[in-house]
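Enquirer: Kindly generate the corresponding structure for this input.
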Amino acid sequence: MDQYFTIVSRTVPDYLADQVGREKLARLFTLIEEKKSRKQIIASGVVDHQEADKVLLQLVTGKVVVPADSAIIQEKIMLVTDSAADLPPELVRDRNITVVPLSVTIDGRQYRDGVDISPLDFYRLLKKSATFPVTSPPSLEDFQRLFLDNIGDKDILGIFLSKRMSKTFDIANQAMRSKYNSCLRQRRANPAMDNRFHIELIDSRQVSMGAGLLVLEASDKIRAGWPLPQIKNHIEKLVEEVRVFFMVDDLDYLARGGRIGRGYAFLGNFFGFKPILGMNGGGVDAKSRVLGGRRAQSKLIDLMKDDLKNSGKAIRIGICHADCPEKVENIKKMINSAFPGQEPIISYFGPTVGSHTGPGSVGVVWLASSSDKAEQN
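Expert: Model prediction:
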């Protein structure tokens, strides 16, 4: 049987655009949208006959297109996370990820993270605020509505912020249990769908893009056509493989949030100490203390190199920051030097992390995982 494809992203790797040419890629996309098969695409002559299969394979490998049967599976799994995953908006759009916003209250006004307030606006307010921001999870009704609106024609996979840091996971779980019978009625009302349904929820035990990288890994497996129970099993195995480390620039924000004493914050700022924080068992722990911002940034890369040496696995890397793009550029250069060919995902810390670390904080996140097809069986 001949093979057909479905476009899932318009973001083409630069190397492939240079190799094939953007005009030819646009024509290939047109053929795919016209439901042309692999044989028809090759016969069209848009790409050299001997190179066509290689180009199609690279498009699949680059997660630009997927085999049509995988696309059918993809359309039947809804991937959900919360705004504390700190994923860039363009990735959320390209991957068709549903983001449920947490809320932040600052100076007496409540905002939905990423909806009513942007990261830059949040840090602008944070710098001027005399009160400590308070973050709140999505409501029970938010999740109930989400599940009921979608379970009729989709199964659902949710990956959420560590439940040691937020009640988001517990509220989602409560919503699923409280509306199980209603969800079942919704599914049975759709004759095209199996009456059995899955709503699978995962506590990432991570914060920020630590959870975000797990969401992207799940997105990859959905695109590859993995069934939902196997995706959940795969992601749960990777939870302990994610590494999250971040540097705090101004200790006053940790003091305001009650994480450290004000006297320690004063002395730390006076002497230029920069704490390195990381995730441990779903919570945040102090990992190290470095004198000076540049040394602290280098320490982040040293931690990454120590963890990834001789891993032999595919690596996905993220950089998160609290309105300090110059630090991002410096860390990106160090990552490119240590791990040539890597292109880190760059995003902002949202209010969940940014309230405690304050402006100027920056972090690195990574996940090394093997794409073992045997796990699918």
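Enquirer: Do me a favour and get the end-to-end distance for stretch 23-41?
Expert: 15 Å (CA to CA, to the nearest Å).
Enquirer: go on, stretch 345-355?
Expert: Termini of stretch 345-355 sit 22 Å apart (CA to CA).
Enquirer: again, but for stretch 178-197
Expert: Start-to-end, stretch 178-197 (CA to CA) is 15 Å.
Enquirer: Pull out the buried positions in it.
Expert: Neighbour-count burial for stretch 178-197, counted by 16 or more other CB atoms under 10 Å, picks out 179, 183, 186-187, 193, 197. The C-beta positions use only the backbone N, C-alpha and C, and glycine is treated the same way.
Enquirer: outside of that stretch, which residues touch it?
Expert: Contacts to stretch 178-197, defined as CB atoms under 8 Å, 6 or more residues apart in numbering, come from residues 140, 144, 147-148, 151-153, 155, 176, 199.
Enquirer: Looking at stretch 229-237 now, give me its mean pLDDT.
Expert: Average pLDDT, stretch 229-237: 94.
Enquirer: Repeat that for stretch 246-262.
Expert: 56.
Enquirer: before we move on, back to that, which two of the buried residues of stretch 178-197 have the greatest separation?
Expert: Farthest apart among these by CB to CB are K179 and M193. That separation is 17.1 Å.
Enquirer: re earlier: and of the buried residues of stretch 178-197, the nearest to G21?
Expert: Among the buried residues of stretch 178-197, and counting by CB to CB, the member closest to G21 is M193, at 41.8 Å.
Enquirer: Got the domain ranges for this protein?
Expert: 5-66, 72-239, 243-376 (automatic domain parsing).
Enquirer: what's the least confident stretch among those?
Expert: domain 243-376 (a mean of 74).
Enquirer: Show me what the host helix or strand of E141 is in contact with.
Expert: E141 belongs to helix 140-150 when assigned by DSSP states H and E. Contacts to helix 140-150, defined as CB under 8 Å, 6+ apart, come from residues 78, 80, 98, 100, 156, 171-172, 174-176, 178-179, 182-183, 186, 199.
Enquirer: if we go to 6 Å?
Expert: Helix 140-150 is touched from outside by 78, 171-172, 175, 179, 182-183, with contacts defined as CB atoms under 6 Å, 6 or more residues apart in numbering.
Enquirer: got it, and stretch 32-51?
Expert: 2-5, 7, 24, 27-28, 31, 52, 55.
Enquirer: let's see 7 Å
Expert: Applying CB atoms under 7 Å, 6 or more residues apart in numbering, the contact partners of stretch 32-51 are 2-5, 7, 20, 24, 27-28, 31, 52, 55-56, 65.
Enquirer: can you check stretch 81-93 too?
Expert: 97, 99-102, 113-114, 138, 158-161, 166, 168, 207-209, 211-212, 215, 320, 345, 347-350, 352.
Enquirer: Equivalent analysis for stretch 163-175, please.
Expert: Here stretch 163-175 has contacts from 82, 84, 102, 137-138, 140, 143-144, 147, 158, 160-161, 201, 203, 207, 282-283, using CB under 7 Å, 6+ apart.
Enquirer: Keep only those of those residues that are in helices.
Expert: 140, 143-144, 147 (DSSP state H).
Enquirer: Which members of the contacts of stretch 178-197 are classed as buried?
Expert: By 16+ other CB under 10 Å, the contacts of stretch 178-197 give 144, 147, 151-152, 155, 176, 199 as buried.
Enquirer: Next one: the residue nearest in space to the middle of the chain from Y348, what distance?
Expert: Among the residues of the chain, the one closest to the centroid is G212, at 2.2 Å (CA atoms, centre = their mean). From G212 across to Y348, the span is 12 Å (CB to CB, to the nearest Å).
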